[in-house]
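Asks: Sequence and predicted structure are below.
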Amino acid sequence: MQGLSAAPPAAFLLVLLLSALLLPAAAAPRAKRELNPSSRLAAGVARVALHYLNFQTASPGALRALGQIRKATLKSIPESGHKYYLQFTTEDYKSRENVGSCLATVLYPKTKSPPAVNIKCTYTKDQKQIQEEDNRLYKKIRHQTKPIIGKNIPDSYGNIEPALEPVWALAVAGSSYIMWEKSTENLGYFMAQVKSVKQWIRKDDFLEFDYTVLLHEIPTQEIISCQMRLTWLPGHPLKVKYFCASENQGLEYGSGMESGSAAGILYERGANF
């Protein structure tokens, strides 16, 4: 009986030691890898997160652009895909003033599904101020005596007529859905121009537009033309339907989804910070 309380044999201790040493090696493929915050890859992933945020927020007054990336890491998940963890600042889309920072995760799945985004941000802009700005924009469009029709926004000099700024802001919000859905680890998008826009008069309170938007594809430098129908009312989700075509691609169809749909499910599936 005394043998049972004796110290463990040396061979047993050696096995325990080897097991402890081998465990980290087995987990190595899932380890995070630091990325250069100034790299094109990090910037592209951060913009995907902001495309998703701009569409989900559905607020022309709250549109954000990428500021400076503070930190970016990559984790390879064998059964899922590549997941990126980001910290970055943001700017107001119009004034380019700093409006807060964000934490985001972006998972590029192995399937052909859109990137799964989870993003949380601080905002220096007052929420009441944003709502007032959205309501002013909405009333400005509603008080037009004729349906809005425009083209080449901005023009070849980069100028936007004041009367067309509201429809430009809505185009940015709506095209953010397209750019989020089409983005991959290797391809990203900017909205280059509203080639044309036409307003449809509705009997309810919603605003509805048909757009032709030009997207600049990075790094191919290709220009993608997308037909987009957008429906919006302040305080409600954006509704977007579109199809895109380019010289080297066939038509691609898509449809923006309201809160609680597949887009919301993707948001919830993103990892916690």
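Replies: Noted; the coordinates are in hand. Residues are numbered from 1 along each chain as shown.
Asks: So, low pLDDT: which residues of the stretch 51-200 of the chain?
Replies: For the stretch 51-200 of the chain, not a single residue meets the criterion pLDDT under 70.
Asks: Okay, strands next: where are they in it?
Replies: Assigned strands in the stretch 51-200 of the chain, in chain order: 64-77, 81-92, 98-109, 116-121, 149-153, 188-200 (criterion: DSSP state E, counting those that start in this stretch).
Asks: which one of those lies closest to A163?
Replies: Across the strands of the stretch 51-200 of the chain, A163 has its closest neighbour in strand 149-153 (8.3 Å, C-beta to C-beta). For glycine as for every other residue, the C-beta is placed from the backbone atoms N, C-alpha and C.
Asks: quick one, helices of this structure?
Replies: With helices called from DSSP state H, the chain shows them at 10-27, 40-57, 127-142, 165-182, 262-269.
Asks: Columns mean neighbour count and distance to P234 on top of the strands of the stretch 51-200 of the chain, output as a markdown table?
Replies: As requested, the strands of the stretch 51-200 of the chain are exported to a markdown table (neighbours: other C-beta atoms under 10 Å; distance: least, C-beta to C-beta, whole Å):
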| stretch | mean neighbour count | distance to P234 |
| --- | --- | --- |
| strand 64-77 | 17 | 18 |
| strand 81-92 | 20 | 18 |
| strand 98-109 | 19 | 19 |
| strand 116-121 | 20 | 20 |
| strand 149-153 | 15 | 21 |
| strand 188-200 | 18 | 16 |
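Asks: I'd like the ones you listed as JSON lines, with distance to L35 appended.
Replies: Formatted as JSON lines, the strands of the stretch 51-200 of the chain follow (distance: least, C-beta to C-beta, whole Å):
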{"stretch": "strand 64-77", "distance to L35": "4"}
{"stretch": "strand 81-92", "distance to L35": "8"}
{"stretch": "strand 98-109", "distance to L35": "12"}
{"stretch": "strand 116-121", "distance to L35": "17"}
{"stretch": "strand 149-153", "distance to L35": "35"}
{"stretch": "strand 188-200", "distance to L35": "15"}
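Asks: Those strands: which one's closest to W168?
Replies: strand 149-153 (5.2 Å).
Asks: next one: the closest one to chain centre, how far?
Replies: Chain-centre distance of strand 149-153: 25 Å, with C-alpha atoms, centre = their mean, to the nearest Å.
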